[in-house]
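Student: Have a look at this prediction, sequence included:
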Amino acid sequence: MDDQILASEQKYLDKTLNAIHESLEDTKAEIIRSNKNIDDAAKGWDDVRLKTSTYSGIVETAMSVRQQQQLIAERESSKSRAEQRYQTLLKQEDKPYFARIDFSEIDGEGEGSETIYIGLASFSDEENHFLVYDWRTPVASIYYDGGIGEVDYNTPAGPQKANVTLKRQFEIEDGVIVTLFDTEEAIGDAMLLNALSGESTTKMKSIVTTIQKEQNKIIRDTHSDLLFVQGAAGSGKTAAILQRVAYLLYRYRGKLTSGQVVLFSPNQLFNDYVNEVLPELGEQNLVQMTFFQYASRRLPRMNVETLSERFESQSEHRDIDQMLGSLKAFRAVGKYAQSLNTEGARLRNLVFHDQVLISKEKIAEIYYQYNENYRLSQRLEATQEALMRSLRSQIGHQMQQDWVELEIENLSKQEYDDLIGAGKTRLGDDQEGDAAAQTRMAQMGRGPQEREFSSEKAERRFLAKQIVTRELKPLARKIRRAAFLNINAQFVDLLRRLPEYLDMAAFGVKEADWQAYVESTIAALKEHKMSLSTTTMYLYLYDLMTGKHGQRDIRFLFIDEIQDYTPFQLAFLKFSFPLAKFTVLGDLNQAIFTQDNANNLEDDFASLFDPDKVSEVELNQTYRSTQQITDFTKGILTNGRAIEAFDRAGDKPVLKLRKSHTDALQALKDQLKQNDADHESTAIITQSLSEAKQLAEELKDEKVTLIQSENQRLVTGAIIVPSYLAKGLEFDAVIIWQADKKHYSDERQRRLLYTVASRAMHRLTLIGEGEASPLLKQVDADLYEEG
Ligand SMILES: Nc1ncnc2c1ncn2[C@@H]1O[C@H](COP(=O)(O)OP(=O)(O)OP(=O)(O)O)[C@@H](O)[C@H]1O
């Protein structure tokens, strides 16, 4: 390192750090000031006078309460802005930047050569000079996109060209430049190697300093409605999309909040694994969930099939699963729902005091009195209105009934006072959020009232009305919630009649098999159990019937491990998040749930979008594993040629076959010891949960933790984990347990074997009993060792 260069860079660093330090002090003072401001504002409550005796008094009170709330909210938000700035500054004080580029714009408006420093966030001094640029600024893209010489990059104003003359990377610790090197490449391999040489941890890290050019494309894409990222295991798909979230939050700051970005992830364990990346980048976490959580949250009374049940139950009805997961099935549900506009809606009686108040026939009459051009949602809304009217018209009639007389007779003093004191409401108003209902309620007054009655009859009438209205309320709620639609019966009808809307033979599904499947689904429904594919179908039908418009506030949706979704699920997500731009990541070679379906997935999903707004990026370079492990895992695949290993050397994978179970277990224990001695933290991956449990029992004297549920936390040290929970994760060392003929012989398990093997960063061992898995036959014998 040239001493002079180092000295001048250290000088720039000192200057930057000083400025950051000053800014930190200022921000600290601002936070203290804001706290005081909030306290002052809170005192303002003392001046708010409550006037509730007159309507104008209520309005006046409401207005001063609102003003007071606004004042406090403004001050709170200015405080939280200051606090956020403080947090960012603290991070910047640690490492203000990691790179520098010198460049001159070609054909641009900028003059001469510029030097910029790139860090986690921008920082400017008091005179508004940028000392550091946020890595997400358009100009910082130059750093990621090319080496020395001419580079193209995108700005909001269109493409730009620049001539780069210097790229310098830094490592800074405690305010001192530890290393500094100049590079001519996009991101120097040395830097990448350095970033990748660390040990695995239970938390994923950000890759901000070493984002690769292809990844940068994914991160900065703002054009696509559907961005499809297809990439090998360990090619940084997940790492890139987390950076993308941070980028989008910056690019659309002020318009986009982290709550409008949703990530669908493979399992809860994975959520836990990635949840520190965004905070590390100075951003708030996004909304993360699994499809299972999304679906089951909407059906709280159902037991939706869990991940482990889904994995274990896969092969029972493959043709039917494939059919139900298809886009054709999705469209069939749409057609079926459409048919309900003319006939066939399954309805429930509205029952009051054990008697049918409005029969389902009557409801059907109302439902079908609107013309055919009504959409199901409009039809439902109109029916609800009509039913509410009908319910209100019942009040007078009910008031004459004996049960009301009886209730009045039996009123306790407390009940009487409550009824007399209650404000007047119209049936249904308390559930309406609309302005008209609010005004009506304000006009009628909802607070306790003193009442004088002109006669006993008037008092009785008043009480009777109150009682009837109160008793009818649950029914009004049912109408509002559309509980008179019998969705369960409708769903069963859909299943029974699906052959009318879907060519089942094309999927190789026979009529009799389908009927048997329907019957077993109905039996399961009675026990409140549903598979994930039927749940999705059920929800879609429900949404079509009730006119749910989906979550329109969600702007970006990310789906990781898309190969494990069916086209039906994806189409349903598109329907449920109609305004979201989708970024989907997948590796068709890792389809462990959907198998063959995965092959057409991309085309199927893309067909739902405008073709001009669909982009695809392929990532073939892998970063997770050593060259030896990548070459081996790629050998397992029949089409793994395109995968490129990153040049990082390690030992070849080792296959250990033993004659008996006891010997295999001993080999496993020895390997664990070895890994431990070499400080390689190990994941023993079994195929299923039951195998993981059994192994945990057999290893109970060792220091290993069984991960049997996705709700557990990842722990440091050795773990045993079933294959489907290892998705998306990585470990220093992986031992594949029972990698033998008995457990991995079906061609369909090839992708599973690839998926688990590709979790290993530095060391991979396969242990089995008896003969080797035939899936390894095609792997070149040079690529692994036997031991
Ligand atoms: N540009 C990069 N710089 C440094 N590390 C990187 C980079 N890209 C990826 N990595 C690292 O490579 C490893 C694999 O990345 P990631 O988990 O994102 O891959 P993936 O494609 O999602 O894999 P899988 O499909 O197997 O789940 C991670 O440790 C990640 O931090």
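Tutor: Everything's here; your move.

Student: Which residues lie in contact with residue 613 in this structure?
Tutor: 223-226 (C-beta atoms under 8 Å, 6 or more residues apart in numbering). Backbone N, C-alpha and C define where each C-beta goes, glycine included.

Student: Could you pick out the residues of the stretch 51-200 of the chain near the ligand for me?
Tutor: 192, 195-196 (C-beta under 6 Å from any ligand atom).

Student: Out of these, which is nearest to residue 21?
Tutor: Closest approach to residue 21 among those (C-beta to C-beta): residue 195, at 28.0 Å.

Student: okay, now the closest one: neighbour count?
Tutor: Look at residue 195: counted by other C-beta atoms under 10 Å, it has 14 neighbours.

Student: Show me where the stretch 551-700 of the chain has its strands.
Tutor: 556-559, 581-586, 614-619, 654-658, 682-686 (DSSP state E, counting those that start in this stretch).

Student: tell me which residues of the third one are tucked away?
Tutor: Of the residues in strand 614-619, those scored as buried under the neighbour-count criterion (16 or more other C-beta atoms under 10 Å) are 614-615, 617, 619.

Student: Could you list the residues in contact with that strand?
Tutor: By C-beta under 8 Å, 6+ apart, strand 614-619 touches 214-215, 217-218, 221, 223-232, 235-237, 240, 602, 606, 642.

Student: Got a ChimeraX select line for the buried ones in the contacts of residue 613?
Tutor: This is how ChimeraX selects the buried members of the contacts of residue 613, with burial counted by 16+ other C-beta under 10 Å:
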select :224,226
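
Student: Redo the contacts of residue 613 as JSON lines? Include secondary structure, distance to the ligand and pLDDT.
Tutor: Formatted as JSON lines, the contacts of residue 613 follow (DSSP: H, G, I helix; E, B strand; the rest coil; distance: C-beta to the nearest ligand atom, whole Å; pLDDT from 0 to 100):
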{"residue": "223", "secondary structure": "coil", "distance to the ligand": "22", "pLDDT": "91"}
{"residue": "224", "secondary structure": "coil", "distance to the ligand": "19", "pLDDT": "95"}
{"residue": "225", "secondary structure": "coil", "distance to the ligand": "22", "pLDDT": "96"}
{"residue": "226", "secondary structure": "strand", "distance to the ligand": "18", "pLDDT": "95"}
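
Student: Just give the number of residues close to residue 517.
Tutor: For residue 517, the count of nearby residues is 20 (other C-beta under 10 Å).

Student: so it sits right up against residue 317, yeah?
Tutor: Yes. Contact criterion C-beta atoms under 8 Å: residue 517 and residue 317 qualify, at 6.1 Å.

Student: By proximity to the ligand, which residue of the chain wins?
Tutor: residue 236 (2.8 Å; C-beta to the nearest ligand atom).

Student: and that residue, how many neighbours does it have?
Tutor: Residues near residue 236, counting by other C-beta under 10 Å: 23.

Student: Give the buried subset of the contacts of strand 614-619 as a PyMOL selection command.
Tutor: The PyMOL selection below is limited to those of those classed as buried (16+ other C-beta under 10 Å):
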select buried, resi 214+215+217+218+221+224+226+227+228+229+230+231+232+235+236+237+240+602+606
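
Student: Filter the contacts of strand 614-619 down to the ones in helices?
Tutor: Of those, the ones assigned to helices by DSSP state H are 214-215, 217-218, 237, 240, 602, 606.

Student: and residue 114, what are its phi and psi?
Tutor: Per-residue torsions, residue 114: phi -120, psi 150 (degrees, to the nearest 10).

Student: so what's it closest to, chain neighbours aside?
Tutor: Leaving aside its sequence neighbours, residue 114 sits nearest to residue 103 (C-beta to C-beta, 6 or more residues apart in numbering; 6.2 Å).

Student: List the beta-bridge partners for the spatially most central residue of the chain.
Tutor: Nearest to the mean C-alpha position of the chain, counting by C-alpha atoms, centre = their mean, stands residue 263 at 2.6 Å. For residue 263, the residues forming beta bridges with it (DSSP bridges) are residue 288, residue 558.

Student: show me what contacts it?
Tutor: Each residue near residue 263 by C-beta under 8 Å, 6+ apart is listed here: 241, 245, 286-289, 557-560.

Student: repeat that with 6 Å
Tutor: Taking C-beta atoms under 6 Å, 6 or more residues apart in numbering as the criterion, residue 263 is in contact with 286, 288, 558.

Student: what about residue 177, which helix or strand?
Tutor: Per DSSP states H and E: residue 177 is located in strand 176-182.

Student: pull the CA atoms of that strand into PDB?
Tutor: In PDB, the C-alpha atoms belonging to strand 176-182 read as follows (Å, rounded to 0.1, in the frame of the first residue of the first chain):
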ATOM      1  CA  VAL A 176      -8.800   3.400  11.000                       C
ATOM      2  CA  ILE A 177      -8.300   2.200   7.500                       C
ATOM      3  CA  VAL A 178      -7.100  -1.400   7.900                       C
ATOM      4  CA  THR A 179      -6.800  -2.300   4.300                       C
ATOM      5  CA  LEU A 180      -7.300  -0.400   1.100                       C
ATOM      6  CA  PHE A 181      -7.000  -1.800  -2.400                       C
ATOM      7  CA  ASP A 182      -7.600  -0.700  -5.900                       C
END
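
Student: helices and strands around that strand, which ones?
Tutor: If you count contacts as 3 or more C-beta pairs under 6 Å, 6 or more residues apart in numbering; DSSP states H and E, strand 176-182 packs onto strand 158-173.

Student: Partner strands of the strand it packs on, with direction?
Tutor: strand 99-106 (antiparallel), strand 149-155 (antiparallel), strand 176-182 (antiparallel).

Student: these two touch, right, residue 588 and residue 562?
Tutor: No. Judged on C-beta atoms under 6 Å, residue 588 makes no contact with residue 562 at a distance of 9.0 Å.

Student: These two: which is more packed in?
Tutor: More neighbours surround residue 562 than the other of residue 588 and residue 562, with 28 against 16 (other C-beta under 10 Å).

Student: Identify the residue spatially nearest to that one, adjacent ones excluded.
Tutor: residue 586 (3.7 Å).

Student: Can you pull the residues of the stretch 351-500 of the chain lying near the ligand?
Tutor: Residues of the stretch 351-500 of the chain lying near the ligand (C-beta under 6 Å from any ligand atom): none found.

Student: Output the below-cut-off pLDDT ranges for the stretch 351-500 of the chain.
Tutor: 421-451 (pLDDT under 70).

Student: returning to what we had before: state the mean pLDDT of the strand holding residue 177.
Tutor: Mean pLDDT, computed over strand 176-182, is 88.

Student: And for it, what's in contact with it?
Tutor: Contacts of strand 176-182 (C-beta under 6 Å, 6+ apart): 9-10, 168-171.

Student: Please state the offset of it from the chain centre?
Tutor: 38 Å (C-alpha atoms, centre = their mean, to the nearest Å).

Student: what comes up buried for that strand?
Tutor: Quick answer for strand 176-182 (16+ other C-beta under 10 Å): 177, 180.

Student: Helix or strand next in line after the lowest-mean-pLDDT helix or strand in the chain, which one?
Tutor: Scoring the helices and strands of the chain by mean pLDDT, DSSP states H and E places helix 435-444 at the bottom, with a mean of 55. Using DSSP H and E, the helix or strand that follows helix 435-444 in sequence is helix 456-480.
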